[in-house]
Each structure stands twice: as structure tokens, then as C-alpha cells.
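>>> here is my input, please return the structure:
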Amino acid sequence: MKDVGGQAVIEGVMMKSSTHMAVAVRLPNKKIKTKKQKLRNLKKFWRLPFIRGIFQLIYILILGIKALIWSSD
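This is a model prediction of the structure:
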């Protein structure tokens with residue numbers, strides 16, 4: 001089983017695994033709109049513990065901000 005994490009966005013939720021990301025938001029007319037995205041694999045160099053931590057933090061922040069912007073639109 002893959003690790004899955006999530007974060008709240010405006011009127012919805014973003015869920016991310018190691019290979020995919022999905023955002024679901026509720027529209028004003030009470031319908032739900034989703035956006036799915038396949039994520040690129042990390043190269044072997046980026047799997048080193050310390051380097052991975054720094055870059056994963058930056059990568060997750062970028063994905064989270066993009067999801068928040070998409071949900072606010």
C-alpha cells in the first residue's frame with residue numbers, strides 16, 4: 001500500500017501519493033469538481049535522506065500552493 005497524504009484547500013481537499021495527486025472542490029452549485037495529475041518520479045540522487053527532505057518540503061509547498069490557487073478559482 002502506498003503512503004497517501006492530504007491537505008485542506010478552499011472548499012475541498014488535496015490528496016497526494018508518491019505517483020499521483022488529486023484535488024476535489026465543491027462548486028457554488030453544490031457539485032464537485034476534481035483535478036487529477038500524475039507526478040514525475042524522483043531520480044535516484046534525490047532519494048538521499050537529507051537532500052530528499054529539503055527538496056520534498058519545497059516540492060510539497062509548490063503543489064499545495066498550486067492546489068490552493070486552483071481551488072480558489
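>>> can we go C-alpha only for contacts and neighbour counts from here?
OK.
>>> mind listing the helices for this structure?
Using DSSP state H, the helices of the chain run over residues 49-72.
>>> check the protein for me, the residue farthest from its geometric middle.
Distance from the C-alpha centroid of the chain, by C-alpha atoms, centre = their mean, peaks at N29 (24.6 Å).
>>> could you measure it against A67, distance?
20 Å (C-alpha to C-alpha, to the nearest Å).
>>> could you do R40 as well?
Counting by C-alpha to C-alpha - R40 and A67 are separated by 17 Å.
>>> neighbour count winner among those two?
A67 (25 against 9; other C-alpha atoms under 10 Å).
>>> can I assume that one is in contact with V23?
Yes: between A67 and V23 there is a contact under C-alpha atoms under 8 Å: 6.8 Å.
>>> what do the two both touch?
Counting by C-alpha atoms under 8 Å, 6 or more residues apart in numbering, the residues touching both A67 and V23 are M14.
>>> related to what we said a few turns ago, mind pulling up the phi and psi values for the residue farthest from the centre of the chain?
Per-residue torsions, N29: phi -90, psi 20 (degrees, to the nearest 10).
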